[in-house]
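Engineer: model the structure of this input:
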Amino acid sequence: MKAQHVKLSTAPRRSTRYISWGLRILAASAFLAAGGAKLAGVPMMIAIFDHIGIGQWFRFVTGVTEIVGGVAILIPGTTLFGGLLLAITMSVAVLVHLFVIGGSPVPAIVLLLITATVAWLHRPGVTLGR
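Structural biologist: From the prediction side, this is the model:
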């Protein structure tokens, strides 16, 4: 009796590419909107950053970071950078919610998971399906 060897495909699935794009578009939409609100000086954002207590300059830095990350996560050559930048930003946001301003950290946690997943999918050595 011959032993049969089954070679499992290590090629990435096309569905992984679609999942990546879906997560990237979702994250970019959220971060471009949130970053824009911060830079536009929406009263709620001003109040949140007043409560944080380190100055409105931090609102501008956060807004620019979110917009840069939101754009970078969509560009194929910068997706990993955008995902990491936004995941780090959301890690800080979770801590700020837990220890400074209160309120639910759940939206920040969800965005952290989404952006970390995007970064993981685009880590060096990984090729998404075509």
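
Engineer: what sits against the residue positioned nearest the centre of the chain?
Structural biologist: The centroid of the chain falls nearest to residue 115 when counting by Cα atoms, centre = their mean (2.9 Å). Shown in contact with residue 115 (Cβ atoms under 8 Å, 6 or more residues apart in numbering): 27, 69, 73, 82, 83, 84, 86, 87, 90. Just so you know, the C-beta spots here come from the backbone N, C-alpha and C atoms, and that holds for glycine as well.

Engineer: now with 6 Å, please.
Structural biologist: 27, 83, 86, 87 (Cβ atoms under 6 Å, 6 or more residues apart in numbering).

Engineer: and of those residues, the nearest to residue 125?
Structural biologist: residue 83 (15.3 Å; Cβ to Cβ).

Engineer: export the contacts of residue 115 to JSON lines and tack on secondary structure and distance to residue 119?
Structural biologist: JSON lines is the format used below for these (DSSP: H, G, I helix; E, B strand; the rest coil; distance: Cβ to Cβ, whole Å):
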{"residue": "27", "secondary structure": "helix", "distance to residue 119": "10"}
{"residue": "83", "secondary structure": "helix", "distance to residue 119": "3"}
{"residue": "86", "secondary structure": "helix", "distance to residue 119": "8"}
{"residue": "87", "secondary structure": "helix", "distance to residue 119": "6"}
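
Engineer: ok, and the most crowded of those residues?
Structural biologist: When neighbours are counted by other Cβ atoms under 10 Å, residue 86 leads the contacts of residue 115 with 29 neighbours.

Engineer: which residues touch it?
Structural biologist: Residue 86 touches 69, 115, counting by Cβ under 6 Å, 6+ apart.

Engineer: against residue 35, how distant is it?
Structural biologist: In this view, residue 86 and residue 35 are 10 Å apart by Cβ to Cβ, to the nearest Å.

Engineer: how about residue 78?
Structural biologist: For residue 78, the distance to residue 35 equals 16 Å [Cβ to Cβ].
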